[in-house]
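Student: fold the stuff below for me.
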Amino acid sequence: MRCAVMRCTRPVTAGLAMAVVAMAAVAGLTACGGLPTGSAVQQGSRVGEPALQPVRLQPDGPAAGATPEQTVLGFLRAGAGAGFDDDHAIARSFFTRSVKDEWLPDSGVEVYGDDSAPKVELVTPRTVRVSASIVAKVDSVGRYREMPAGTSAQVTFGMEKLGVGWRISKPQKGFGLWLSASDLARSYRPFTIAYVSKAAQTMVGDRRWFPLTPGLATTLARAQLAPVPGYLAGAAQTGVPAGTTLAVDSVPIQSGRAIVDLSASALSASPDRRRAMWAQFVTTLLQVASVSEVSLEVKGARLDLPDTSDRVSGLTTLGYQPAASPSFRTAVLRTGSELSRISSDRPPEQDQPPKPPAGSVLPKIPTGWVWLALSSNGQEIAGVGGDRGDLARWQGNRRFQLARFGSKLTKPSYDSLNGLWVGGQAGGEARVWVIDTSLSAMENAKPRQVLVPWLANRSVLALKVAADNQRVALISSDRAGGDEQVEVAGIVRSAKGVPVSLAAEPLRVGWTLTAARDLAWVDDSTLVVVGRVSPNDAIGPQLVEVGGKVTAMPPLAGARSVTNTGGLRGVVVMTDRGKVLARAGDGWQVLQTGTDFLIPGE
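Tutor: A predicted model of the protein is given here:
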């Protein structure tokens, strides 16, 4: 039997080529106990070209004399190889001619761990079953979801003996690809599909996972044509008219320019919608390494947009602003009832307290008020009463305590549009409220309920508004305090910008977390959550990608709450012993000692 092995299809340097050949040799030994023959290194990209695709491992086709089990295993290996570039032609050769086009490899990916190869067994003379421990899934639209430990999957294949050997005659309906975790890391990457905010001239992104192929621009353009995903509905919009398709099922790239040729439906968009459409395609397609500008056409003719070139390389040309990652040099530290301004990223012995803004006075916070938050402009502080039934606001030395409106209140969260958010309970149901802080008389600002129907029969444990003011991340549990979940949902606002509800369909993230206590935004697609994956682990900081993986940060005993001063290195954790810790190298260093560490807008 000739073993199905992988051949490298993209040599870059001699060292890399040798490493890949060595890796292929190891794979061949593992699978067959011997080295393959006839495997050639094929010509790939030239040195210096943009890296549009990863190193590909090209498999052999069906082996003469292979058993049904070996045929199915060869098919699975072929699906993980270089087939992304040619619609999996080699993998399709494992099927009978009548069904080879019925297999839809982009219908989803099951990801198994590198340490647990699929089990292949013959259950009847013409039926092969494959089972594996699954660590993640990628659905047909590119939505990535990690799976809890112990998750398994199985698939069956009907087989037929032909003159050339065994072939798959009956693939299981809905079967796509099975990849190892390392295969997925080699062949797929997360990308942002862009939509436009309903409240500002900014973009709102949705992270999806797609294979790295020479046709990546086409893949992303197809995804961009789809409607706004449910968890952003009402918060974001698309400029692409319903029913718009690619007039030519390809997005060619000519001298760095991606040319998106759309169907006639695109002409129905108003000038504002066309501008939004351009902004979306520019944001999405500039993620492709070889794309530096984008053109939109309708059946070969330029999609007209007044005062705009036929090729665009940046959002500002279209009147939109790129996402800005906030970074803060100043923080407010609470020690007892005292507040003081400190550096946000230097320990006390290096700290030089920044000069406070003119007219800015920090109040004293009486004992009993906890979970403080600082407004985006640094002029207001909010806190929750010790029994979690009261909310108070401080502006300088002025304090206003709101009449009771709920119980089990969460730590407040400020957006930068004059909104003060808080979760809790009222009338036996979970609630989310927002308070308008723009009113000069604090007593005139009343809590206004934000509708969140999907919180029925649950309790809100924490919430945080994203820097784009268009999304909220929440932690909730069932009424018994179990089944803790992290979810992200868009903020639906009225024509005047007033929050009225959250999107009707939240996006759950961090599926493998078994506990979650607090959270903060790291950037527009990443959260840091104080929680854990295994029930046996201590509670600690976890990086949670929105539409991606959960990655444990360096362990930290007694983690209680978390905030962020800007980016991954800006994660700051407060412990139950009053320590404020920041990242330092591969671990943590004590930044301050206190009970609250406040960052504007957090």
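Student: so what are the sheet partners of the helix or strand hosting Val544 and their directions?
Tutor: Using DSSP states H and E, Val544 sits in strand 540-545. As defined by DSSP bridges, the strand partners of strand 540-545 come to strand 526-532 (antiparallel), strand 550-552 (antiparallel).
Student: list the buried residues in the longest one.
Tutor: Of the residues in strand 526-532, those buried by neighbour count under the rule 16 or more other CB atoms under 10 Å are 526-532. Bear in mind the C-beta positions are built from the backbone N, C-alpha and C, glycine included.
Student: report the rounded mean pLDDT for it.
Tutor: Mean per-residue pLDDT for strand 526-532: 98.
Student: from the chain's centroid, how far away is it?
Tutor: 13 Å (CA atoms, centre = their mean, to the nearest Å).
Student: export that strand to PDB, keeping only CA atoms.
Tutor: The C-alpha coordinates for strand 526-532 follow below in PDB (Å, rounded to 0.1, in the frame of the first residue of the first chain):
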ATOM      1  CA  THR A 526     -11.000  40.700  22.800                       C
ATOM      2  CA  LEU A 527     -12.300  40.600  26.400                       C
ATOM      3  CA  VAL A 528     -10.400  39.800  29.600                       C
ATOM      4  CA  VAL A 529     -12.600  37.800  32.000                       C
ATOM      5  CA  VAL A 530     -11.900  36.900  35.600                       C
ATOM      6  CA  GLY A 531     -12.900  33.200  35.500                       C
ATOM      7  CA  ARG A 532     -11.700  29.700  34.800                       C
END
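Student: got a list of contacts for it?
Tutor: Strand 526-532 is contacted by residues 473, 475, 484, 486, 488, 509-510, 513-522, 538-546, 553, 559-562, 564, 568, 571, 573 when judged by CB atoms under 8 Å, 6 or more residues apart in numbering.
Student: re earlier: now the strand holding Val544: mean pLDDT?
Tutor: 98.
Student: what does stretch 247-262 give?
Tutor: pLDDT averaged over stretch 247-262 gives 96.
Student: name the residues of that stretch that come out as buried.
Tutor: Applying 16+ other CB under 10 Å to stretch 247-262 flags 247-248, 251, 253, 257-262 as buried.
Student: pull that stretch out as PDB, backbone CA atoms only.
Tutor: Only the C-alpha atoms of stretch 247-262 are listed here, as PDB (Å, rounded to 0.1, in the frame of the first residue of the first chain):
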ATOM      1  CA  ALA A 247     -21.400  39.900 -10.700                       C
ATOM      2  CA  VAL A 248     -18.200  37.900 -11.300                       C
ATOM      3  CA  ASP A 249     -17.600  35.200  -8.700                       C
ATOM      4  CA  SER A 250     -14.100  36.400  -8.100                       C
ATOM      5  CA  VAL A 251     -12.300  39.500  -6.700                       C
ATOM      6  CA  PRO A 252      -9.200  40.000  -8.700                       C
ATOM      7  CA  ILE A 253      -6.300  41.900  -7.300                       C
ATOM      8  CA  GLN A 254      -4.400  44.100  -9.800                       C
ATOM      9  CA  SER A 255      -1.300  45.900  -8.600                       C
ATOM     10  CA  GLY A 256      -2.600  46.000  -5.100                       C
ATOM     11  CA  ARG A 257      -6.200  47.000  -6.100                       C
ATOM     12  CA  ALA A 258      -9.000  44.600  -5.200                       C
ATOM     13  CA  ILE A 259     -11.800  45.000  -7.700                       C
ATOM     14  CA  VAL A 260     -15.300  44.100  -6.400                       C
ATOM     15  CA  ASP A 261     -17.700  43.700  -9.200                       C
ATOM     16  CA  LEU A 262     -21.300  43.700  -7.900                       C
END
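Student: about what we covered before: now, of the contacts of strand 526-532, which are buried?
Tutor: The neighbour-count test (16+ other CB under 10 Å) marks 473, 475, 484, 486, 488, 509-510, 513-522, 539-546, 553, 559-562, 564, 571, 573 as buried among these.
Student: need the contact list for the closest residue to Glu602 other than its chain neighbours.
Tutor: Counting by CB to CB, 6 or more residues apart in numbering, Thr563 is the residue found nearest to Glu602 once chain neighbours are left out, at 4.7 Å. Contact analysis of Thr563 by CB under 8 Å, 6+ apart lists 520, 572, 574, 597-599, 602.
Student: what's the angle from the host helix or strand of Thr563 to strand 526-532?
Tutor: Taking DSSP H and E as the definition, Thr563 sits inside strand 559-564. Calculated by axes from the mean of the first three to the mean of the last three CA atoms, to 10 degrees, strand 559-564 forms an angle of 180 degrees with strand 526-532.
Student: quick check: next helix or strand after strand 559-564?
Tutor: Counting by DSSP H and E, what follows strand 559-564 is strand 571-575.
Student: then that following strand to CSV, C-alphas only?
Tutor: Extracted C-alpha coordinates of strand 571-575, given in CSV (Å, rounded to 0.1, in the frame of the first residue of the first chain):
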residue,chain,number,x,y,z
VAL,A,571,-4.7,44.5,31.6
VAL,A,572,-4.9,45.4,35.4
VAL,A,573,-6.2,42.9,38.0
MET,A,574,-7.4,43.7,41.5
THR,A,575,-7.1,41.0,44.1
